[in-house]
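Let's see this in three dimensions:
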Amino acid sequence: MTKISKNRKAVLAKYDATKAYSLADAAKIVKDITTTKFDASVDVAVRLGVDPRKANQMVRGSVSLPHGTGKTMRVLVLCTPDKAAEAKAAGADHVGLDEYIEKIKGGWTDVDVIITMPSVMGKVGALGRVLGPRGLMPNPKTGTVTMEIGKAVTDAKGGKIDFKVDKAGIVQALVGKASFDSNKLAENTNELLQTIIKLKPASAKGAYIKSVYLSSTMSPSVQIDTKFLGN
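Next up, the predicted model:
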């Protein structure tokens, strides 16, 4: 039998791990049970009643969190020279095209978001093997393949996140930091959940939102009661 540390016991004594809480209460509990010395990230895991292997049940999109993520997003813009000034003015960290494509082919992926434009997707598409597994491939559905480069950079820097259901039917996303006020964590989480609900595929049968858990880096998960979500 695994021995539970004193810290872990103290954390588990603060809430009932078998109970589902309202979003507001879950956010308060996650803050209360986060004991890391650094400012931990807070994530949500949403299990969906979909079959991601079917194209018509793929759930993916983006959402602008009202209070941002608390994380400084590093943005690369792959664009033609006529769009470079717009990208830089909006705050992009890296701007270019061929030189960055070569760097990525060599394994460089030291960014959080990549934004590009339709006319260069032929070149960017060749990077799929490197970018795909890292969740960095630009996609028109998430607004990262666009002619509105400046707006896309501003959105990414301002708390816009992309999400996609994985092979197990789960969407995982960053919704803030443990230092956030619990109301802000709850509002960010709710914004994401409502966006996921709007994206419910017509072909999905039965319960769509099966379970929702909120947790911070290294903290236990706290279950959110899905009946509050308008599932």
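
can you give me how far the helix ranked longest in the chain is from the chain middle?
Scanning the chain for the helix with the most residues, using DSSP state H, yields helix 182-198. Relative to the chain's own centre, helix 182-198 is displaced by 12 Å; criterion: C-alpha atoms, centre = their mean, to the nearest Å.

ditto for stretch 59-70
7 Å.

and residue 156, what helix or strand is that in?
Here residue 156, judged by DSSP states H and E, is contained in helix 149-157.

For beta bridges, what are the partners of residue 42?
Going by DSSP bridges, residue 42 is paired in beta bridges with residue 176, residue 216.

Tell me the buried residues in stretch 150-169?
Neighbour-count burial for stretch 150-169 flags 150, 152-157, 159-165, 169 (criterion: 16 or more other C-beta atoms under 10 Å). C-beta here means a position set from N, CA and C on the backbone, and glycine is covered the same way.

now do stretch 104-116
Applying 16+ other C-beta under 10 Å to stretch 104-116 flags 104, 111, 112, 113, 114, 115, 116 as buried.

Show me the contact partners of that stretch.
71, 73-79, 87, 92-94, 124, 127, 130-131, 134, 136-138, 144-146, 149, 152-153, 156, 162 (C-beta atoms under 8 Å, 6 or more residues apart in numbering).

Tell me the buried residues within those residues.
Judged by 16+ other C-beta under 10 Å, buried ones among the contacts of stretch 104-116: 73, 75-79, 87, 92-94, 124, 127, 130-131, 136-138, 144-146, 149, 152-153, 156, 162.

Can I get stretch 158-171 in PDB? Just the C-alpha atoms.
What follows is stretch 158-171, C-alpha atoms only, in PDB (Å, rounded to 0.1, in the frame of the first residue of the first chain):
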ATOM      1  CA  GLY A 158      -4.300  38.600 -24.400                       C
ATOM      2  CA  GLY A 159      -5.400  35.200 -23.200                       C
ATOM      3  CA  LYS A 160      -6.800  33.400 -26.300                       C
ATOM      4  CA  ILE A 161      -6.300  29.700 -26.000                       C
ATOM      5  CA  ASP A 162      -6.800  26.900 -28.500                       C
ATOM      6  CA  PHE A 163      -8.200  23.500 -27.500                       C
ATOM      7  CA  LYS A 164      -8.800  20.100 -29.000                       C
ATOM      8  CA  VAL A 165     -10.300  16.900 -27.800                       C
ATOM      9  CA  ASP A 166      -7.700  14.100 -27.600                       C
ATOM     10  CA  LYS A 167      -7.900  10.400 -28.600                       C
ATOM     11  CA  ALA A 168      -9.400   9.600 -25.200                       C
ATOM     12  CA  GLY A 169     -12.200  12.100 -25.600                       C
ATOM     13  CA  ILE A 170     -10.700  14.700 -23.200                       C
ATOM     14  CA  VAL A 171     -10.100  18.400 -23.600                       C
END
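
hmm, who's touching that stretch?
44-53, 58-69, 113, 135, 139, 142-144, 172-174, 192, 196, 210.

Tell me where this protein has helices.
6-12, 23-33, 81-89, 98-105, 121-125, 128-131, 149-157, 182-198.

mind putting those helices in JSON lines, distance to residue 216 included?
Shown next, in JSON lines, are these (distance: least, C-beta to C-beta, whole Å):
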{"stretch": "helix 6-12", "distance to residue 216": "11"}
{"stretch": "helix 23-33", "distance to residue 216": "5"}
{"stretch": "helix 81-89", "distance to residue 216": "33"}
{"stretch": "helix 98-105", "distance to residue 216": "31"}
{"stretch": "helix 121-125", "distance to residue 216": "34"}
{"stretch": "helix 128-131", "distance to residue 216": "28"}
{"stretch": "helix 149-157", "distance to residue 216": "23"}
{"stretch": "helix 182-198", "distance to residue 216": "9"}
